[in-house]
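[1] Predicted model follows, preceded by the sequence.
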Amino acid sequence: MKYIKPYLLLLPQIFVGIIFLVGIGIGITQSFGVVPVFNLYKPTFKYYTEIFMRKDTIDSIFYSLKIAFVSSLISVILGILICFCMVYTGKDKGFMLSVTKIPILVPHVIVALMLVNIISQNGLLARLLYQVGLIKEQSDFPLIIFDKAGVGVIFAYLWKEVPFVIYFIISLMSAVSSKLAEAAVNLGAGRVEAFFKITLPLCYNTIISAFLIIFAYSLGAYELPLLMGATVPKALPIMAYIEFQKPDLRLRPYAMAYNGILIVISMLAAIIYFMLLKKTVKEAK
């Protein structure tokens, strides 16, 4: 029985994984026009060709990639800097580490509502600046929410992604710092020099892995671009949902084609992540 127990414990994960893979498989086949319920069995690139000929699709791809890349990059940079401060002040464990995890627990919808109430043109900050006379009208406040640049969406992602980066890399950074970096400091190197020449390089694989995870998540997320994004351009997940909502089911392959684009980009990120993970495990041995 003890040999079977580990496999029994894996059954729920296997079951969910099978449902997930079947769903992806059906979506991909439908994106190529294979919809047996409508007697469509012949694969075609028609739907991909048609959506790529639309200008709003190209704008949507660049908009989604920009938001995902910029938010992930800034999150990684801020996460590294905070980890550096926590490690070199000895606050990398206990209460301070627990505090950094709190934003991860807050749903993105709550974050969106919070930011709308604070940094929108009708928000708390705009009202405050108007009351003290720094702006003549609340409309003079910079458009951060619902802007075409996606600044508000990026801010919202930073709320959760920065703590995730900290949580993801701080254990490794702390271990490297307490051993190799401290040895370098004892040999005469400065703390900042030891961090950039020893600690940071040894954490590169983990840092890139954290970047890829939050990049893939940001790229495929729906709620924040919907609640805080511009009307035009729309993020890829919103474009897919709009097509999915059309009553004519024969148009469903267009929605799946948008999802196919997201799957391809996410799969590339997953492959790179897997290669980095494999390299890290190999180096650990």
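    Here it is on my side, so go on. Residues are numbered from 1 along each chain as shown.
[2] low-scoring pLDDT stretches of the stretch 1-150 of the chain, where are they?
    1-3 (pLDDT under 70).
[3] and if we set it to 80?
    Applying pLDDT under 80 to the stretch 1-150 of the chain flags residues 1-10, 38, 40, 88-97.
[4] which stretches of it form helices?
    Applying DSSP state H, counting those that start in this stretch to the stretch 1-150 of the chain gives helices spanning 5-31, 46-52, 55-88, 95-105, 108-119, 124-131.
[5] Columns distance to residue 176 and mean neighbour count on top of those helices, output as CSV?
    C-beta: built from backbone N, CA, C; applies to glycine. Below are the helices of the stretch 1-150 of the chain laid out as CSV (distance: least, CB to CB, whole Å; neighbours: other CB atoms under 10 Å):
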stretch, distance to residue 176, mean neighbour count
helix 5-31, 32, 12
helix 46-52, 45, 16
helix 55-88, 9, 19
helix 95-105, 17, 13
helix 108-119, 32, 16
helix 124-131, 40, 14
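[6] of these, which approaches residue 160 most closely?
    Across these, residue 160 has its closest neighbour in helix 95-105 (5.5 Å, CB to CB).
[7] Alpha carbons only: can I get the closest one in PDB?
    Extracted in PDB, the C-alpha atoms of helix 95-105 (Å, rounded to 0.1, in the frame of the first residue of the first chain):
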ATOM      1  CA  PHE A  95       7.800  39.100  10.000                       C
ATOM      2  CA  MET A  96       9.200  41.200   7.200                       C
ATOM      3  CA  LEU A  97       9.100  38.300   4.800                       C
ATOM      4  CA  SER A  98       5.500  37.600   5.800                       C
ATOM      5  CA  VAL A  99       4.600  41.200   5.200                       C
ATOM      6  CA  THR A 100       5.900  41.100   1.600                       C
ATOM      7  CA  LYS A 101       3.600  38.100   0.900                       C
ATOM      8  CA  ILE A 102       0.400  39.900   1.800                       C
ATOM      9  CA  PRO A 103      -0.200  41.600  -1.600                       C
ATOM     10  CA  ILE A 104      -0.100  38.100  -3.200                       C
ATOM     11  CA  LEU A 105      -3.200  37.200  -1.300                       C
END
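[8] now the angle between helix 108-119 and that helix, please.
    Orientation check (axes from the mean of the first three to the mean of the last three CA atoms, to 10 degrees): helix 95-105 against helix 108-119 gives 100 degrees.
[9] chain center to helix 95-105, what's the gap?
    Distance, stretch centre to chain centre, for helix 95-105: 18 Å (CA atoms, centre = their mean, to the nearest Å).
[10] which residues are in contact with it?
    Residues from elsewhere that reach helix 95-105, judged by CB atoms under 8 Å, 6 or more residues apart in numbering: 82, 86, 91, 111, 159-160, 162-164, 166-167, 170.
[11] Please indicate which of those are buried?
    82, 86, 111, 159-160, 162-164, 166-167, 170 (16 or more other CB atoms under 10 Å).
[12] Quote the end-to-end distance of stretch 131-140.
    From its first residue to its last, stretch 131-140 covers 13 Å (CA to CA, to the nearest Å).
[13] re the thing from before, between the helices of the stretch 1-150 of the chain, which one is closest to residue 196.
    Proximity to residue 196 (CB to CB) singles out helix 55-88 among the helices of the stretch 1-150 of the chain, at 9.4 Å.
[14] For that closest one, which helices and strands make contact with it?
    helix 95-105, helix 151-176, helix 204-220, helix 236-244, helix 252-284 (3 or more CB pairs under 8 Å, 6 or more residues apart in numbering; DSSP states H and E).
[15] Compile those into TSV and extend it with columns for distance to residue 74.
    Output for those, formatted as TSV (distance: least, CB to CB, whole Å):
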stretch	distance to residue 74
helix 95-105	15
helix 151-176	6
helix 204-220	10
helix 236-244	20
helix 252-284	17
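[16] Of all these, which one is nearest residue 126?
    Counting by CB to CB, residue 126 lies closest to helix 151-176 out of those; the figure is 13.1 Å.
[17] Number of residues surrounding residue 92?
    Counted with other CB atoms under 10 Å, the neighbours of residue 92 add up to 22.
[18] swap in residue 173?
    When neighbours are counted by other CB under 10 Å, residue 173 comes out with 25.
[19] right, and it touches residue 83 too?
    Yes: applying CB atoms under 8 Å, one finds residue 173 in contact with residue 83, separated by 5.2 Å.
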